[in-house]
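**Q** Structure for this input, please:
(4 chains)
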2 protein chains.
Amino acid sequence: MPPTTQHVARTDAGLASELRVAVMRLRRRLAIEREPGNDIGIGVMAVLACLYRRGELSVGELAAYERVQPPSMTRAVRKLEEKGYVARRPHETDGRQVLVSLTDAGRDLVLADRRRRDEWLASRLRGLSADDRAALRAALPILDRLAAED
Amino acid sequence: MPPTTQHVARTDAGLASELRVAVMRLRRRLAIEREPGNDIGIGVMAVLACLYRRGELSVGELAAYERVQPPSMTRAVRKLEEKGYVARRPHETDGRQVLVSLTDAGRDLVLADRRRRDEWLASRLRGLSADDRAALRAALPILDRLAAED
DNA sequence: GAGGAATAGTTAGCACGGGTAACGAGTTAC
DNA sequence: GTAACTCGTTACCCGTGCTAACTATTCCTC
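**A** Numbering: from 1, shown residues only, chains lettered A, B, ... in the order given. Predicted structure coming up:
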């Protein structure tokens, strides 16, 4: 009889597989929920959220944080600039770098999107116990660290 | 000054945004780690893992669990069948359904892949405390439930 | 039992978001 | 001052998700 999710998750040996599947499923689920008039995909939205938290960043820094290759980030930034959510300006001293920052419209979009997804999450959280919510909150920085650089 | 990850994650208001970003980054990170000779993408591998845990399933059941539309699962299964990792057979009593099961090669691939990713995870876990690992294990079923059906 | 509604799977076609390779502009080191 | 490196970009390809439309089968109703 093949092991169930609960069984393998109790061991380190199965943690990777289970975590991987859970992360992928949840990612797909999250991608569905978006601000109704928001035509920005979830990946591109993550760039805005990153700029919101960290302020002005270069294209390379954004790519490194999102664990994406530079060309992918160039495209994401271009799309955001076309829509007026970010501004690009050259670095003062290093002419190779391009600094990206949120516009007012971009900031508004981040907040609206966060509100929207919070509503969805709130409906989900009602089905969870306080312990479950605390467990999620505790796991968050660890998930973040797992995804970070070696 | 914009809030940092730690700041917003302490409140329910920011949990959704932070969780979303963490999940997306980790998903990309996990997608990179794969068995060297494994030309199967992470999404298709998840199908094999699902069959390994649950045994024979119909295309529709697979699609529902992975939170994917039926056509996407049809394609994934076809690709796996071409490579000899799964077998398809008609349902005994319901001629509409197609049942998918792992072949021996598919089972081997699941185990090899799991071993490979476990190695990667083990190297990560060394950087974490026992509490962190426990937190991850506790959060796993909750992440799973968040992605589940309404 | 015959016919229409519902369900399972597939096909076709599209969009988006990753990747690599190759290149130009700018900087740094020698 | 030139060679090597870094950053960003362009061009192109591929994987994987979606919707719409179709077929085959089953279920329901009369």
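
**Q** Which of the helices or strands spans the residue of chain A found nearest DNA strand D?
**A** Residue nearest to DNA strand D within chain A (CB to the nearest atom of the strand): A:Gly60, separated by 2.4 Å. The C-beta positions use only the backbone N, C-alpha and C, and glycine is treated the same way. Here A:Gly60 sits within helix A:59-65, counting by DSSP states H and E.

**Q** tell me the contacts of the most centrally placed residue in chain A?
**A** By CA atoms, centre = their mean, the mean C-alpha position of chain A lies nearest to A:Ala46, the distance being 4.2 Å. By CB atoms under 8 Å, 6 or more residues apart in numbering or on different chains, the contact set of A:Ala46 is A:Glu66, B:Arg20, B:Val21, B:Met24, B:Arg25.

**Q** Could you do A:Val47 as well?
**A** Counting by CB under 8 Å, 6+ apart, A:Val47 has contacts A:Leu62, A:Glu66, A:Met73, A:Ala76, A:Val77, A:Leu80, A:Val86.

**Q** Among the residues you listed, find the lowest-pLDDT one for me.
**A** pLDDT across the contacts of A:Val47 is at its lowest for A:Glu66, which sits at 91.

**Q** Ramachandran angles for that one?
**A** In terms of degrees, to the nearest 10, the main-chain angles of A:Glu66 are phi -80, psi 0.

**Q** likewise A:Glu92?
**A** Taking degrees, to the nearest 10 as the convention, A:Glu92 sits at phi -60, psi -50.

**Q** That one: neighbour count?
**A** When neighbours are counted by other CB atoms under 10 Å in any protein chain shown, A:Glu92 registers 8.

**Q** ok, now A:Val68?
**A** Neighbours around A:Val68, by other CB under 10 Å: 19.

**Q** just checking, it touches B:Arg28?
**A** Yes - A:Val68 is within contact range of B:Arg28, at 7.0 Å (criterion: CB atoms under 8 Å).

**Q** Find the nearest non-adjacent residue to the closest residue to chain B within chain A, please.
**A** Closest approach between chain A and chain B, counting by CB to the nearest CB: A:Ala139, at 3.4 Å. Computed as CB to CB, 6 or more residues apart in numbering or on different chains, the closest residue to A:Ala139 that is not its neighbour in sequence is B:Ala139, at 3.4 Å.

**Q** A:Arg107 now?
**A** That would be A:Tyr52: by CB to CB, 6+ apart, it lies 6.6 Å from A:Arg107.

**Q** For that neighbour, which residues are in contact?
**A** Counting by CB under 8 Å, 6+ apart, A:Tyr52 has contacts A:Leu102, A:Gly106, A:Arg107, A:Val110, B:Pro2.

**Q** Now do the helix holding A:Gly60: distance to the chain's middle.
**A** 13 Å (CA atoms, centre = their mean, to the nearest Å).

**Q** Can you name the element that comes right after that helix?
**A** Next along from helix A:59-65, by DSSP H and E: helix A:70-82.

**Q** wait, is A:Gly127 part of a helix?
**A** No - applying DSSP: H, G, I helix; E, B strand; the rest coil, one finds A:Gly127 to be coil, outside a helix.

**Q** Give me the pLDDT for it.
**A** Reported pLDDT for A:Gly127: 79.

**Q** Under a three-state scheme, what state does the nearest residue to it once chain neighbours are set aside occupy?
**A** Distances taken as CB to CB, 6+ apart put B:Arg145 closest to A:Gly127, at 7.6 Å, once the chain neighbours are dropped. Secondary structure, three-state DSSP: B:Arg145 is helix.

**Q** I'd assumed A:Leu128 was in contact with B:Arg145.
**A** Yes - look at B:Arg145 against A:Leu128 with CB under 8 Å: they come within range, at 7.4 Å.

**Q** need the residues of chain A near DNA strand C, please.
**A** A:40-44, A:67-69, A:71-72, A:75-76, A:79, A:93-96 (CB under 7 Å from any atom of the strand).

**Q** Only the buried members of those residues: can you turn that into a PyMOL selection?
**A** Buried residues within the residues of chain A next to DNA strand C, by 16 or more other CB atoms under 10 Å in any protein chain shown, are selected in PyMOL with:
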select buried, chain A and resi 40+42+44+67+68+76+79
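
**Q** From the residues of chain A next to DNA strand C, pick out the ones that also neighbour chain B.
**A** A:Ile42, A:Gly43, A:Arg67, A:Val68 (CB under 8 Å from any CB of the partner chain).
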